[in-house]
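Engineer: Attaching a predicted model along with its sequence, questions to come.
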Amino acid sequence: MKRLGKVSHYAKQGFLILRTDWVPSLNELVVDKKLTVVGVVKDVFGPVEKPYVAVKPRVRNPENYVGALLYVDTKRKKAKANHGKTRKPSKVGKKRRPAPRK
């Protein structure tokens, strides 16, 4: 768990805005001190030294987190999505055709 920062406000676009000292990766899980998932990092903007982070909340009342410390959970890994790639069929039980003769 790595400290992300303190929530400064809840934007009307639906994001929790906070300031941090480092740049987190996009789509990282954001948790509070009780390790409940608060949301996901959706945008990093502003100056390089102290950027702002926009967190898309996954909680019912995100306004309650204004002023709270949030963390990036480094132990939990999101399951990677398939992104439209189809799986190749397995070759179990299939016979291969012989190569053509010359």
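Structural biologist: Noted; the coordinates are in hand.
Engineer: only C-alpha atoms for contact and neighbour calcs from this point on.
Structural biologist: OK.
Engineer: Which residues are in contact with the residue nearest the centre of the chain?
Structural biologist: Among the residues of the chain, the one closest to the centroid is Asn27, at 2.0 Å (Cα atoms, centre = their mean). The contact partners of Asn27, taken as Cα atoms under 8 Å, 6 or more residues apart in numbering, are Val40, Val41, Lys42.
Engineer: Send me the helix or strand containing Tyr71 as PDB with only the CA atoms.
Structural biologist: Using DSSP states H and E, Tyr71 sits within strand 69-72. Extracted in PDB, the C-alpha atoms of strand 69-72 (Å, rounded to 0.1, in the frame of the first residue of the first chain):
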ATOM      1  CA  LEU A  69      -6.300  10.000   3.000                       C
ATOM      2  CA  LEU A  70      -6.300   7.500   0.100                       C
ATOM      3  CA  TYR A  71      -3.800   4.800  -0.900                       C
ATOM      4  CA  VAL A  72      -2.900   2.800  -4.000                       C
END
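Engineer: Mind putting the contacts of Asn27 into TSV with neighbour count and distance to Thr20?
Structural biologist: Converted to TSV, the contacts of Asn27 look like this (neighbours: other Cα atoms under 10 Å; distance: Cα to Cα, whole Å):
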residue	neighbour count	distance to Thr20
Val40	21	15
Val41	20	12
Lys42	17	14
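Engineer: Out of the residues you listed, name the ones that lie in helices.
Structural biologist: Counting by DSSP state H, the contacts of Asn27 place none of their members in helices.
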